[in-house]
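Chemist: would you be able to build a 3D model of this:
(one chain, ligands or ions: 4)
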Amino acid sequence: MIWCILLTLVAVPTESANILFATSFASISHQSVFQPIWKELSLRGHNVTVIGSNPLHDKTLTNLTEVDMSYMYNQKKETSKKWLVGQKPGFLQVFMKDVFLTYFFSIMHDNYFQQPGVQNIINGDNEFDVVIAEWLFPTLGAFAARFKCPLIGITSLGAPIPSLDTVGNPSHPIYSPDHNLPIGRELSYRDRVLSTLYAIYVRVHYQLVVLPREDKTVKKYFGTDMPYLGDIERNISLLLLNRNPVIHKIMPVYPAVIELGNVRPIKVYKPLNSELKDFLDNSKNGVVYLSFGTNLLSSELPEQYIDIILQTFSKLPYNFVWKWEKDVLPGKPKNVFIQKWIPQTALLAHPNVKLFITQGGLQSLEETITHHVPIIGIPSHSDQTFNVDTAVKYGFGICIDLIDLTVEILEDAIHEIMRNDSYKQNVIKTEKLMNDFPTNGLEKAVWWIEYVIRHKGAQHLRSPAMDIPWYQYLLLDVFAIVFPFVFVMLYLKYKIMNIVICTLKKRFSKNVKTKKE
Ligand SMILES: *[C@@H]1O[C@H](CO)[C@@H](O)[C@H](O)[C@H]1NC(C)=O
Ligand SMILES: *[C@@H]1O[C@H](CO)[C@@H](O)[C@H](O)[C@H]1NC(C)=O
Ligand SMILES: *[C@@H]1O[C@H](CO)[C@@H](O)[C@H](O)[C@H]1NC(C)=O
Ligand SMILES: *[C@@H]1O[C@H](CO)[C@@H](O)[C@H](O)[C@H]1NC(C)=O
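Modeler: Ligands and ions are numbered 1, 2, ... in the order given. The predicted model follows:
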């Protein structure tokens, strides 16, 4: 009987739901992971409302309402430059970036809630069955408390420590360190010390500075009767992470954490323009593609590195395509083709493209694996150090630190990959691993979102770690008894042994004495 009821419950398709999908990071590499998810939800008959910097503007999607927040790109442009350009990722930079980024996002969220489209939603009488929020910050979770509905967090990469904490997922500083740290798979002693310090620091800063600050913003726009943001975030049902155990570090994930892995962006196949296509077609010795993505502009690299790259390229018998964001590149050799914007997917798919020089952003890594192109990775921030380490681990890439860059090193690395076929073979192997899963990331995301809608939340998946105090979690109260007890026992044992030995000694020496006498 119970089974019948359960079966019908499960088999009943999720009825059309009102879904609010709110994202905050103005970056196409983040948003392109979410776009296919909100598109698919709307195609399945849900009424989807999106607030974000990259609306699809697709008139055929009649169940989709988009609040265009593309203004956020201008806000970001001014601030990101100073932080992303021309550095070797270091611990100090990550510590400072945390202070800076959280502050920047705080200003941004304040602006976000002021936008008329967002105000209409906050103060309107729409009802929502679920709120999906980009989960690098808890602030947009306020919508869930406003509409008294379940909350789902989503990210386009892994999750920082405070985000994992909201579901009580372990993030051990040694075997699963924060993904923003500039470390690969093997941690040195220094890495382990700094990763541990970071794990403490980032939580203290989050609890004492970030959460109260964001809570103020929420109360300002949603009203003072809102619950504390720290309680709202702990109410989260699920965390959907764009992680893939092939690319990312293996770590424990709780049932409330879903590793989507490889959500394929909607392929807006911008074709190659004829000039670029001719250049690629005529490059019989192969093409090396250089791009540092959309967040860092290669034209803003310090001049010394641009010189090194140009010198290297001019010496080599290959052709080069460089995503260069200015009109001219002084001293550009004949074998280098520059263009401000490159249709990356189409370029990587061209058979003459043999190597990709990249920062190692996750989207670029996924695209290059998909098109079987090995890489030279020059990481600069966030999860890039780790992503490049993945390429090194699977043998389809070479990592170079920007500060180590010289003509010899770059030349050797390019030659090595262009001449040694094993890099190509390894990227093909990795591609097979990456796609060998029972479902793809998009299917998984949609299924789990509908699961939360069907069951009005997923509190049954909540980790018990969420509901015990931190001193219990760290076993402090247990050790508070166990350590003194063990200490006392050892002390007593020592005392007893002492007494025993003393008496024995006395006896023995007496015996000896009496014998002598
Ligand atoms: C919109 O949703 C309805 C159900 O609510 C569905 O029948 C229809 O196919 C959807 N339309 C589009 C274009 O997705
Ligand atoms: C769908 O969502 C939009 C925007 O939030 C809202 O205006 C509209 O009333 C909703 N439609 C239904 C049928 O709930
Ligand atoms: C927690 O979520 C439930 C629904 O899942 C909602 O009714 C409740 O108001 C939420 N509490 C807070 C503090 O957000
Ligand atoms: C090719 O590279 C692999 C490592 O990636 C190395 O083991 C192998 O010896 C190289 N082959 C040649 C011919 O250099």
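Chemist: which one of the residues in the stretch 351-500 of the chain is closest to ligand 4?
Modeler: Nearest residue of the stretch 351-500 of the chain to ligand 4 (CB to the nearest ligand atom) works out as residue 420 at 3.7 Å. All C-beta spots, glycine's among them, are computed from the backbone N, C-alpha and C.
Chemist: so which bits of this structure are right by ligand 2?
Modeler: 18, 47, 49, 65, 126 (CB under 6 Å from any ligand atom).
Chemist: from the residues you listed, pick the one nearest residue 260.
Modeler: Nearest to residue 260 among the residues of the chain next to ligand 2, counting by CB to CB, is residue 49 at 21.5 Å.
Chemist: for that closest one, helix, strand, or coil?
Modeler: strand (DSSP: H, G, I helix; E, B strand; the rest coil).
Chemist: quick check: next helix or strand after the helix or strand bottoming out on mean pLDDT in the chain?
Modeler: Every helix and strand of the chain was ranked by mean pLDDT, DSSP states H and E. The lowest is helix 2-11, at a mean of 45. Sequence-wise, the next helix or strand downstream of helix 2-11 (DSSP states H and E) is strand 18-22.
Chemist: what's the following helix or strand after that following strand?
Modeler: helix 28-43.
Chemist: only the C-alpha atoms, please, for that next one, written as PDB.
Modeler: The C-alpha trace of helix 28-43 is given here as PDB (Å, rounded to 0.1, in the frame of the first residue of the first chain):
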ATOM      1  CA  ILE A  28      29.900  34.600 -19.300                       C
ATOM      2  CA  SER A  29      32.000  31.600 -18.200                       C
ATOM      3  CA  HIS A  30      29.800  31.400 -15.100                       C
ATOM      4  CA  GLN A  31      26.500  32.200 -16.600                       C
ATOM      5  CA  SER A  32      26.900  29.900 -19.700                       C
ATOM      6  CA  VAL A  33      26.700  27.000 -17.300                       C
ATOM      7  CA  PHE A  34      23.300  28.200 -15.900                       C
ATOM      8  CA  GLN A  35      21.700  29.200 -19.200                       C
ATOM      9  CA  PRO A  36      20.900  25.700 -20.400                       C
ATOM     10  CA  ILE A  37      19.400  24.900 -17.100                       C
ATOM     11  CA  TRP A  38      16.900  27.700 -17.000                       C
ATOM     12  CA  LYS A  39      16.200  27.200 -20.700                       C
ATOM     13  CA  GLU A  40      15.400  23.500 -20.100                       C
ATOM     14  CA  LEU A  41      13.300  24.200 -17.000                       C
ATOM     15  CA  SER A  42      11.100  26.600 -19.100                       C
ATOM     16  CA  LEU A  43      10.800  24.100 -21.900                       C
END
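Chemist: what angle separates that helix from strand 18-22?
Modeler: 180 degrees (axes from the mean of the first three to the mean of the last three CA atoms, to 10 degrees).
Chemist: so who does whichever residue of the chain sits closest to ligand 1 touch?
Modeler: As assessed by CB to the nearest ligand atom, ligand 1 sits closest to residue 45 within the chain, at 3.3 Å. With contacts defined as CB atoms under 8 Å, 6 or more residues apart in numbering, residue 45 is in contact with 16, 63.
Chemist: what is the mean pLDDT for the helix or strand containing residue 493?
Modeler: Assigned by DSSP H and E, residue 493 belongs to helix 476-516. Confidence for helix 476-516, expressed as mean pLDDT, is 88.
Chemist: so how far is that helix off the chain centroid?
Modeler: 57 Å (CA atoms, centre = their mean, to the nearest Å).
Chemist: and stretch 291-298, how far from the chain's centre?
Modeler: For stretch 291-298, the distance to the chain centre is 18 Å (CA atoms, centre = their mean).
Chemist: make that stretch 30-45, sorry
Modeler: Worked out by CA atoms, centre = their mean, stretch 30-45 lies 19 Å from the chain centre.
Chemist: list the buried ones in that stretch?
Modeler: 30-42, 44 (16 or more other CB atoms under 10 Å).
Chemist: quick one on the thing from earlier: got a pLDDT number for the residue of the chain closest to ligand 1?
Modeler: At residue 45, the pLDDT recorded in the model is 95.
Chemist: for ligand 3, see how far away it is.
Modeler: For residue 45, the distance to ligand 3 (CB to the nearest ligand atom, to the nearest Å) stands at 23 Å.
Chemist: what residues does the stretch 251-400 of the chain put near ligand 4?
Modeler: residue 395.
Chemist: and the helices in the stretch 251-400 of the chain?
Modeler: 274-281, 303-315, 344-349, 362-370, 384-393 (DSSP state H, counting those that start in this stretch).
Chemist: can you put these in CSV and add distance to residue 93 and mean neighbour count?
Modeler: Converted to CSV, the helices of the stretch 251-400 of the chain look like this (distance: least, CB to CB, whole Å; neighbours: other CB atoms under 10 Å):
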stretch, distance to residue 93, mean neighbour count
helix 274-281, 35, 15
helix 303-315, 17, 16
helix 344-349, 26, 19
helix 362-370, 19, 23
helix 384-393, 11, 23
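Chemist: output the ones you listed as a markdown table; include the columns mean pLDDT.
Modeler: Shown next, in a markdown table, are the helices of the stretch 251-400 of the chain (pLDDT from 0 to 100):
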| stretch | mean pLDDT |
| --- | --- |
| helix 274-281 | 95 |
| helix 303-315 | 94 |
| helix 344-349 | 93 |
| helix 362-370 | 92 |
| helix 384-393 | 93 |
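Chemist: the buried residues of stretch 30-45 into CSV, with extra columns for distance to residue 464?
Modeler: Shown next, in CSV, are these (distance: CB to CB, whole Å):
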residue, distance to residue 464
30, 32
31, 35
32, 36
33, 31
34, 30
35, 36
36, 34
37, 30
38, 33
39, 36
40, 33
41, 31
42, 36
44, 34
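Chemist: just those now: which is nearest residue 178?
Modeler: Out of these, the member with the shortest distance to residue 178 (by CB to CB) is residue 30, at 17.7 Å.
Chemist: any idea how many residues pack against the nearest residue to that closest one once chain neighbours are set aside?
Modeler: Counting by CB to CB, 6 or more residues apart in numbering, residue 156 is the residue found nearest to residue 30 once chain neighbours are left out, at 4.2 Å. Using other CB atoms under 10 Å, residue 156 has 22 neighbouring residues.
Chemist: number the chain from 15, please
Modeler: With the count now opening at 15, the last piece we talked about shows up as residue 170.
Chemist: which ones are touching residue 170?
Modeler: Here residue 170 is in contact with 39, 43-48, 148, 256, 376 (CB under 8 Å, 6+ apart).
Chemist: with residue 438 instead?
Modeler: Contacts of residue 438 by CB under 8 Å, 6+ apart are 368, 386, 388, 410.
Chemist: now the end-to-end length of stretch 459-479.
Modeler: 25 Å (CA to CA, to the nearest Å).
Chemist: how about that stretch: buried residues?
Modeler: Quick answer for stretch 459-479 (16+ other CB under 10 Å): 459-460, 462-468, 471-472, 475-476.
Chemist: can you count the residues close to residue 122?
Modeler: Residue 122 has 21 neighbouring residues, counting by other CB under 10 Å.
Chemist: need the three-state assignment for the spatially closest residue to it that is not a sequence neighbour.
Modeler: Nearest in space to residue 122, with sequence neighbours left out and distances taken as CB to CB, 6+ apart, is residue 89 at 6.2 Å. Three-state call for residue 89 (three-state DSSP): helix.
Chemist: got the confidence number for the nearest residue to residue 382 once chain neighbours are set aside?
Modeler: Computed as CB to CB, 6+ apart, the closest residue to residue 382 that is not its neighbour in sequence is residue 370, at 4.9 Å. Model confidence at residue 370, given as pLDDT, is 97.
Chemist: repeat that for residue 389.
Modeler: 97.
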